[in-house]
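J.: predicted model, plus sequence, below.
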Amino acid sequence: MSWLIIIGILWFIVTIVDSQHQGHKKVERPRNRVNSRPSITPTLTERTPTQTKPTIRSDNKLSNRVTRDRPSTSVTSDTTKTTTIRPSSTLPTLKPSPVPVKVKTINGKRTYESTLVSTLRSYDIHSLWHMTHVNNVLSISQRGIVSHLRATPMNRVDISDPDVQKRRSGKDPIFNREIHAYTPTYITIQNPMLYRLKSSSHSLCLLEISLESLDYHDVLFTDGNAASRDTKFYSHPEDLKNLPWDVLKAEFWSDFADGKRKRCAEVLVYPSIGARHITKIHCNSFDTVNVLEQSGVRNVLYSPQLFFG
C-alpha cells in the first residue's frame, strides 16, 4: 500500500514540472520570432537622403526662387552673388580668323595691307610695272589696265612680241585660266622686254602701279617670263622666297644663268587693274609728256633714267 502512495507522489511531481516547462516554451516563442525576423524599419540616415541645397538668387524680387530648374550652372560666392554660366549650346559661333594684315600709318591715317603686299615690301618692292604705247595711255587712265584678251577688241596698240604671245596662249597650273586672261605686270621694269624696245622708247610709257591693287583680285607670280616652259607659277605669299631675287636686283641679268628669263618675272592680276592704282606714268621724252598732259592725263613724269639708250 505504501508503494502506491510513493508512485502517486512521483506522478504528481512529474506533472507539475512538465506543465512549468511547457509554459516557458510558450513565452519564449514570440520572442524568438521577433528576433529572427529581419528589420525593415529604416534608420534615420536611410529615411533622410542627402540633398544638395539649392542656390538662391540674390536679387530682391527673386530672393526666394530656387534656381535648380534652370538649365545652367550657378556659382555662388561668399556674398551670395550668383554668376550664371550659359550652356555651351548658346555660345556664339566662332568666325574664322581673317587673313593676316599689316597695319601702317600714312599721313596720320591707319591703313591695312595684305600679307602678299607686306611680303613684297619686305623684299624692297613697292610698285609693280606695266609698259605700253603712248597711244594707249589715255584709254588706260580712264578704264584701267586690262588683259590681252580684253585689250584686243579695244584696238589698243600692241607692243608685245607675236611669237611670245603665242606661247602665252596656255593655261596657268593654279587657277587653270588662260594666261592671256591676266593683266601682266613686271617686278623689275628694266628687263629684256624694255631693252628690246629701246629704239622706240620715245613712244613708250612705263606705268607705275601701287601694290594695293593686288588686294582686290586673284594674283599669280612667276619666277620668270610666263611664256617660258621653265617658269614656275605661285600664288601663296610665302612662295615669294622662290623668286630669283639675286637676278631681279642685279644691275645686269646677263651675269646669271637663265638670267634673261628670270629677269622677266611677272605678277599676273586677274582680270584687270583699276586706273586709280596707277600712281605715275613715266616717259622718255618731253614731247610725250606734253602730249599726255594736254590730253588730260595726270601724274606724267619725264624719267629717262628708267629707260635704256
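T.: Structure received. Residues are numbered from 1 along each chain as shown.
J.: tell me, how many residues neighbour Gly309?
T.: When counting by other Cβ atoms under 10 Å, one arrives at 11 neighbours for Gly309. C-beta here means a position set from N, CA and C on the backbone, and glycine is covered the same way.
J.: so who does it touch?
T.: 198-199, 201 (Cβ atoms under 8 Å, 6 or more residues apart in numbering).
J.: from these, which is closest to Arg143?
T.: For those, the closest approach to Arg143 (Cβ to Cβ) belongs to Ser201, at 24.6 Å.
J.: which stretches of the chain form helices?
T.: For the chain, the helices defined by DSSP state H occupy 2-36, 44-47, 115-122, 137-143, 148-151, 162-167, 192-196, 245-248, 259-263, 286-294.
J.: in terms of mean pLDDT, which of the ones you listed ranks lowest?
T.: In terms of average pLDDT, helix 44-47 trails the rest of the helices of the chain, at a mean of 41.
J.: rewinding a little: could I have the buried ones of the contacts of Gly309 as PyMOL selection syntax?
T.: Applying 16 or more other Cβ atoms under 10 Å to those, the buried members can be selected in PyMOL as follows:
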select buried, resi 201
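J.: okay, and for this structure, where does confidence drop off?
T.: For the chain, residues meeting the criterion pLDDT under 70 lie at 1-4, 14, 17-111.
J.: so where do the strands sit in it?
T.: 73-76, 82-85, 101-106, 109-114, 127-133, 145-146, 183-186, 204-210, 218-222, 233-234, 266-270, 272-273, 278-283, 300-302 (DSSP state E).
J.: could you export these to a markdown table, including columns for distance to Pro192 and mean neighbour count?
T.: Converted to a markdown table, these look like this (distance: least, Cβ to Cβ, whole Å; neighbours: other Cβ atoms under 10 Å):
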| stretch | distance to Pro192 | mean neighbour count |
| --- | --- | --- |
| strand 73-76 | 71 | 13 |
| strand 82-85 | 67 | 11 |
| strand 101-106 | 33 | 11 |
| strand 109-114 | 30 | 13 |
| strand 127-133 | 12 | 20 |
| strand 145-146 | 21 | 21 |
| strand 183-186 | 10 | 23 |
| strand 204-210 | 14 | 22 |
| strand 218-222 | 14 | 21 |
| strand 233-234 | 20 | 18 |
| strand 266-270 | 12 | 22 |
| strand 272-273 | 22 | 21 |
| strand 278-283 | 18 | 21 |
| strand 300-302 | 24 | 15 |
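J.: make CSV out of those strands and add distance to Asn155.
T.: Formatted as CSV, the strands of the chain follow (distance: least, Cβ to Cβ, whole Å):
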stretch, distance to Asn155
strand 73-76, 73
strand 82-85, 70
strand 101-106, 38
strand 109-114, 35
strand 127-133, 12
strand 145-146, 12
strand 183-186, 18
strand 204-210, 17
strand 218-222, 27
strand 233-234, 30
strand 266-270, 22
strand 272-273, 17
strand 278-283, 20
strand 300-302, 23
